[in-house]
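> Here is the input, now give the coordinates:
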Amino acid sequence: MSDMVGGVSRRAFLKTGAALGGGIFAAGMPLSQAIWAAEGKVLTARAGNDVNQLDPSFYVGRTNSEVMSCIYSKLIRYKPGSEWGWELEAAEKIEQVDPTHIRFHLRKGIKFSGGYGELTAKDVKFSFERVIKVDSPSIFDWGSFDHVELEGDYTGVIVFKAPFAPAWTLALPYGIGHIVSEDAVMQATKDGGAFGMKSTAFSGPYVFADWKPNQHVLLTRNPEWSGPKPGFDEIRILPIGDVKTAERAYQAGDIDFTHISVDSLATLKSNPPADTKIEEKLSIGFIYVGMNMDHQKLKDVNVRKAIQWAINVPQILHAAYSAQVDVATGIIAKGLIGYRDKALVPPEGDLAKAKAFLDKAGVSDLTLTIDCLNQSTFSTIAQVLQAQLSQIGIAVEINMQEPGSFYEIGMESAGDRWKNMQLIVQSFSMVPEPFYATSTYLRDQIGKWNWERFSSDRFDELHAKAITLDDPNERAELYHEMQDLLEDSGAYRFLTNGASPIMYRSPRMQAATRPDGEPLYVAFRPV
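Alright, predicted model coming up:
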């Protein structure tokens, strides 16, 4: 591929960025503005985490999926706007033939980069079936998927063992639904296994041009892309974990699109940065305090319930979010199938009941640790929890950690740290499908994503049944009971679903997001 800008290679441009930066900043011109002027239309956006995976079968989290959505194709994708829905992407036509079969017909002319030829139904079959063969950590996104039957070069049928309603809201339009080149992956891995951050072949409007860990991801136009021309020549994604730091980077002109903190929203709305549009979006993620049920100090359900009842959620939300978010009733947000009207434990808790549970457990002088991300919101949550639990005689030590360390705490594959985990402030992003939330807490996810080590035959039974139902009201009743089971275990205290306000430079772009404010970069357009 051609990777030249004004006769200078883009890699060389990046390598000399520090030298150029001296002149840029000396002249008072932020880096993003200088790049815009020198190279054309560049979208510079903030991500909450760094990318660490280009393999769709091993994707973790929304940052990886957002990048993959620029460089790979899916049969369908989420539609930007204020209402949840999907639209065609690589598929020219797709339909649910019956409860266990989905037929697709690909658009012709979608090419893989690097000379790997046209995207065909064979690549779809390889990509989807590979999830099973490599024992993907996200295999539950595909539910009861079994195989793909090929009907021609561009047509095939996705076959499920049982009805799977989340295929349309999760598997096909999100991370696991990205299509890779069979030939490129086999050449890169020899056996079709994981390829991590190794570039294979790209079929989206952009290619993965450069990556500097914890600094930036650079995506450039794919010269072999035959679809509608994307809005920007380049997309530069900067990993900035702390949202307050991201706000300062925006104010400095170093990024042009970012989420903003809820407690900054009122101030920014009343006095916005120049040429900035602020949009309030409803978050569908969830944040809670979790407890390791297998830890010796937390094995007694009475101890866990004491902690639940000692936690005053509104106090936490006032401190961490300036009281600008609502109390969560569970892991499923308002507006999604399965939302509960209220939790079993009232938001304010009850210190008298908390102390009674501790007395029942025969526990006193208890000291616990709580792990959280080293970001302002989560550290504030942990500090308020520390103060609240001290009221019932529980001392709490706070362990703030970098994302790379934090996201491995409960994974058995990462070592024995899970054995020492006690309390944890958990935060999960979501898609508009309750199955995505509840699949985390299945018994066979213990030591993978189920860090609280919750185990319930009834929960697993309800989870399996809910994904086979078409009626949303019937599904909702099952998800209500599942959340009751989680809460009744004592291992969860639900805090909030949060909020998802964004800001961007309106003279430069029209941002395109999901209803929850998550960016759909390929749909961004310059002004």
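> Surely A382 and M400 touch.
Yes. Using C-beta atoms under 8 Å, A382 is in contact with M400, at 7.4 Å. All C-beta atoms are positioned from the backbone trio N, CA, C, and that covers glycine.
> which neighbours do these two share?
With contacts taken as C-beta atoms under 8 Å, 6 or more residues apart in numbering, A382 and M400 have C372 as neighbours in common.
> Tell me which of those two has more neighbours.
The residue with more neighbours, out of A382 and M400, is A382; 24 against 16, by other C-beta atoms under 10 Å.
> got the contact list for that one?
Residues near A382 by C-beta under 8 Å, 6+ apart: 370, 372, 396, 398, 400, 425.
> Skipping adjacent residues, who's closest to the fourth one in space?
Just to be clear, that refers to I398. A382 (4.7 Å; C-beta to C-beta, 6 or more residues apart in numbering).
> Any figure for the gap between the one you found and C372?
Using C-beta to C-beta, to the nearest Å, A382 is found at 5 Å from C372.
> Likewise for K229?
43 Å.
> how about the strands of the stretch 401-527 of the chain, start to end?
Using DSSP state E, counting those that start in this stretch, the strands of the stretch 401-527 of the chain run over 423-428, 492-496, 502-505, 509-510, 525-526.
> can you check the stretch 251-400 of the chain too?
Under the criterion DSSP E, counting those that start in this stretch, the stretch 251-400 of the chain contains strands at 257-259, 276-279, 286-291, 366-373, 394-401.
> Out of those strands, which gets nearest to Q96?
Among these, the nearest to Q96 by C-beta to C-beta is strand 286-291 (29.0 Å).
> what lines up beside that closest one in the sheet?
strand 423-428 (antiparallel), strand 492-496 (antiparallel) (DSSP bridges).
> Looking at those, which one is packed in the most?
Of all the strands paired with strand 286-291, strand 492-496 carries the top mean neighbour count, a mean of 25, counting by mean count of other C-beta atoms under 10 Å.
> How far away from the center of its chain is that strand?
18 Å (C-alpha atoms, centre = their mean, to the nearest Å).
> Report the residue spans of the protein with pLDDT below the cut-off.
The chain contains residues with pLDDT under 70 at 1-40.
> what residues are up against the residue most central in space within the chain?
Nearest to the mean C-alpha position of the chain, counting by C-alpha atoms, centre = their mean, stands R62 at 3.0 Å. Contacts for R62 were tallied using C-beta under 8 Å, 6+ apart; they are 429, 518.
> Surely it is in a helix?
Yes. According to DSSP: H, G, I helix; E, B strand; the rest coil, R62 belongs to a helix.
> And K229 and C372? Which one has more around it.
Counted by other C-beta under 10 Å, K229 and C372 do not tie: C372 has more neighbours, with 24 against 8.
> Do you have the helices of the stretch 401-527 of the chain handy? List them.
For the stretch 401-527 of the chain, the helices defined by DSSP state H, counting those that start in this stretch occupy 403-406, 417-420, 434-438, 457-466, 472-488.
> Export those helices as TSV, with columns for distance to A352 and mean neighbour count.
Shown next, in TSV, are the helices of the stretch 401-527 of the chain (distance: least, C-beta to C-beta, whole Å; neighbours: other C-beta atoms under 10 Å):
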stretch	distance to A352	mean neighbour count
helix 403-406	34	16
helix 417-420	31	14
helix 434-438	32	26
helix 457-466	30	16
helix 472-488	20	18
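> To P223, which of these lies closest?
helix 403-406 (33.9 Å).
> what comes into contact with the closest one?
49-50, 241, 371-374.
> Also stretch 496-506?
Stretch 496-506 is contacted from outside by 250, 256-260, 262, 265, 268, 272-273, 275-287, 313, 317, 321, 324-328, 333-334, 511, 513, 516-518, 527, using C-beta under 8 Å, 6+ apart.
> Buried ones among these?
Neighbour counting with 16 or more other C-beta atoms under 10 Å marks 250, 256-260, 262, 265, 268, 278, 281-287, 313, 317, 321, 324-328, 333, 511, 513, 516-518 as buried within the contacts of stretch 496-506.
> Write down the beta-bridge partners of E279, one by one.
I502.
> can you start the count at 13 instead of 1 from here on
Sure, I'll start numbering at 13, so the last one becomes E291.
> Contacts only, for it.
513-515, 523, 525, 529.
> Now the two most distant members of the contacts of A394.
Most distant of those, by C-beta to C-beta, are V408 and M412, 12.7 Å apart.
> re earlier: got the strands paired with strand 298-303 as a markdown table, with distance to F176 columns?
Listed next are the strands paired with strand 298-303 as a markdown table, based on distance: least, C-beta to C-beta, whole Å:
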| stretch | distance to F176 |
| --- | --- |
| strand 435-440 | 21 |
| strand 504-508 | 26 |
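> and of those, who's closest to S94?
Per C-beta to C-beta, nearest to S94 of the strands paired with strand 298-303: strand 504-508, 21.2 Å.
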